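[1] curious how this folds, go ahead:
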Amino acid sequence: MNQARTKRVRDLVDGVLLLDKPVGFSSNDALIKAKRVLNAKKAGHTGTLDPFATGLLPLCFGEATKFSQDLLEADKTYETIVHLGQTTDTGDTEGEVVDTREVNVTLEQIHVVLEKFRGPIAQVPPMYSALKRDGKPLYEYARAGITLEREARNVIIHQLELISYEAPFLKLSVTCSKGTYIRVLGQDIGEALGCGAHLNALRRTQVGALTSEHMITLDALVAHEAPLSLLSPVDALLSSFPAVQLNAELAKRFLNGQRLPLGKEPTITVPQEQGRVRVYLDDKLLGTAILGEYSILAPERLIAFSQQ
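    Here you go, the predicted structure:
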């Protein structure tokens, strides 16, 4: 007789895990493993890292998933090693070498070329990417040997600095806007230098205001006696927004979705600038809101207190 399997009961876990994603894991694989270790009911990641890449992958659990979109939109910082003289079909170490050229590049040439890639630039997304065409990701076409036309997209390279150069390896630090492909940046730099290139390594060190300082590896997470203690609070995702403290009566109205005219509340300190804010009752995060004209506070995303 087949015995019915007992469905695993997941816990209501809220918080943010700053994971140091290892080489060889997809972002989703890393999320699934962390979710299993924490026995969490609801989880999501905040922008993918390619399997060959490592570094900061913020994972959101429970109520934190409501705010993960902010990190998808955030600037990101990477350290990367560009292998000059070799071009691969994927733009990284996972692909096949399709072209090899001699590398005769000086530091002066490197500095001149890097300057061309600072600021607003246009990038053509790679075929080996998750962007979809007719419902299929581009990488499926690429694996079938099909190359499709792709429109260039505008991105911003806020910072591009040379860390070291030991031919044929060029180590760079890059801070960029959302949607930037560091693989494409490496390839384009190689072409501008006349020798071609692909990424030998890629490590993400910052996402928005979150840094790599308190990252934890998957192995350390698995081995930890109290893995839930490694989670940062939900508002770690919102640290760049001004804070608004409400009293108990205003907090109740806020959680009911009411707009609050804070200018009429002399006991409430209102930020000077309009825009997104994080809202609290004492030390309890209530959610985010938009602070508009005349100090009107409009609820945006609210925390479900039954899950706190």
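[2] roughly how far apart are Gly24 and Lys76?
    For Gly24, the distance to Lys76 equals 21 Å [Cβ to Cβ, to the nearest Å]. The way it works is simple: take the backbone N, C-alpha and C, and place the C-beta from them, glycine included.
[3] and those two? Which one has more around it.
    Neighbour count, other Cβ atoms under 10 Å: between Gly24 and Lys76, Lys76 has more, with 24 against 11.
[4] is the closest residue to that one other than its chain neighbours in a bridge, and if so with what?
    Once flanking residues are discounted, Lys76 sits nearest to Val207: 5.3 Å by Cβ to Cβ, 6 or more residues apart in numbering. Val207 forms beta bridges with Lys76, Leu210, as assigned by DSSP bridges.
[5] for Val207, what are its contacts?
    Applying Cβ atoms under 8 Å, 6 or more residues apart in numbering, we find Val207 in contact with Thr46, Gly47, Leu56, Pro58, Leu71, Ala74, Lys76, Thr77.
[6] in terms of contact, does Leu230 touch Leu221 like I think?
    Yes: with contact defined as Cβ atoms under 8 Å, Leu230 reaches Leu221; the gap is 6.5 Å.
[7] what sits in contact with each of these two?
    Common neighbours of Leu230 and Leu221 are listed as Leu17 (criterion: Cβ under 8 Å, 6+ apart).
[8] host element of Ser240?
    In this assignment (DSSP states H and E), Ser240 forms part of neither any helix nor any strand.
[9] what about it, distance to Arg276?
    Counting by Cβ to Cβ, the gap from Ser240 to Arg276 is 9 Å.
[10] give me the more crowded residue out of those two.
    Of the pair Ser240 and Arg276, Arg276 is the one with more neighbours under other Cβ under 10 Å, namely 15 against 12.
[11] what count of nearby residues applies to the nearest residue to that one once chain neighbours are set aside?
    Excluding the flanking residues, the one nearest Arg276 by Cβ to Cβ, 6+ apart is Phe241, at 5.2 Å. For Phe241, the tally of surrounding residues (other Cβ under 10 Å) stands at 20.
[12] same question, Arg8
    Applying other Cβ under 10 Å, we find 7 residues neighbouring Arg8.
[13] same thing with the one 3 residues further on?
    Neighbourhood size, Asp11 [other Cβ under 10 Å]: 12.
[14] which parts of the stretch 201-308 of the chain are helices?
    Listed in chain order, the helices of the stretch 201-308 of the chain (DSSP state H, counting those that start in this stretch) span residues 218-223, 248-255.
[15] would you mind finding the most buried of the ones you listed?
    Comparing these on average neighbours per residue, with mean count of other Cβ atoms under 10 Å, the densest one is helix 248-255 at a mean of 15.
[16] and stretch 259-276, end to end?
    14 Å (Cα to Cα, to the nearest Å).
[17] one more: stretch 46-63?
    14 Å.
[18] quick one: it to chain centroid distance?
    6 Å (Cα atoms, centre = their mean, to the nearest Å).
[19] next SSE after the helix or strand hosting Ile81?
    Using DSSP H and E, Ile81 maps to strand 76-84. Sequence order places strand 86-88 as the next helix or strand after strand 76-84, per DSSP H and E.
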